[in-house]
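S.K.: Dropping the sequence and predicted coords here.
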Amino acid sequence: MAVITISRHFGAGGITLGERLAKELDYRFINDQLIKEVADKVGVSCEQVECFEERGTTKLDKLLNLVVSPRFLERHADKHGYVYEKTYVDEVKAVTIKIYEEGNAVIIGRGGNHTLQGYPGAIHVLLVADMEYRVRFLMSKYRMNEGQAEKAIKRADMIRERFLDCFSPQENHDDPKLYTIVLNMNRITMDKAAEIIKSLLYA
């Protein structure tokens, strides 16, 4: 049994590739399902978790986590419609490890490579691409115009950096040493990317 985590630059095709791999390998595809599990455990709505993921960590969050009891935060998360960093990160890690233990899954984003770093049988993939490729991909896949695509990419890059800081604030999140393989989607097709990743399962 294996687990594949896919980290990606927005517009590099991570979800598209992940769905394809899950289908071809008969693996579970874990994306929005992880949000639901975390929301259920924390006791808030999926929308509140999504809001946290977009907001990422803040100085106020860090201060609260230092001076206020985590149990207090957990008890009051639902009342105030707020998800705190430590509570969220702990639950994401717990759910991710549970998915790993069950095996045969493709996990999209959410710090999966950080949580499962060093776990046997976990393959960590990073998809990268330049701005031109990412704009073309979004325009083709989601029917955006060029301006919409560029704006979406810049916003997503900012959110990704803030979000991953919750898991490892000192890391360069694109450091190749954090991944089993880094694929430059400017240079290879989606078919070739899927082929390469599947070959790692049997290496």
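M.R.: Arrived safely, thanks for sending. Numbers count the residues shown, from 1 in each chain.
S.K.: from here on, contacts and neighbour counts on C-alpha atoms
M.R.: OK.
S.K.: quick one, strands of this structure?
M.R.: 3-8, 28-30, 105-108, 122-128, 181-184 (DSSP state E).
S.K.: Who are the packing partners of the fourth one?
M.R.: Taking 3 or more Cα pairs under 8 Å, 6 or more residues apart in numbering; DSSP states H and E as contact, the helices and strands that strand 122-128 lies on are strand 3-8, strand 181-184.
S.K.: Any regions of the protein where pLDDT drops low?
M.R.: Scanning the chain for pLDDT under 70 picks out 32-85, 170, 203.
S.K.: That one: helices as residue ranges?
M.R.: Along the chain, counting by DSSP state H, helices occupy 14-25, 32-42, 46-55, 59-67, 70-80, 85-102, 112-115, 131-142, 146-165, 190-200.
S.K.: Any chance of a markdown table for the helices and strands packed on strand 122-128, columns distance to Asn145?
M.R.: Putting the helices and strands packed on strand 122-128 into a markdown table (distance: least, Cα to Cα, whole Å) gives the following:
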| stretch | distance to Asn145 |
| --- | --- |
| strand 3-8 | 21 |
| strand 181-184 | 23 |
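S.K.: Out of these, the one nearest Lys151 is which?
M.R.: strand 3-8 (17.1 Å; Cα to Cα).
S.K.: Can you list the neighbours in contact with that closest one?
M.R.: Applying Cα atoms under 8 Å, 6 or more residues apart in numbering, the external contacts of strand 3-8 come out as 14, 18, 100, 103-109, 111-113, 121-128.
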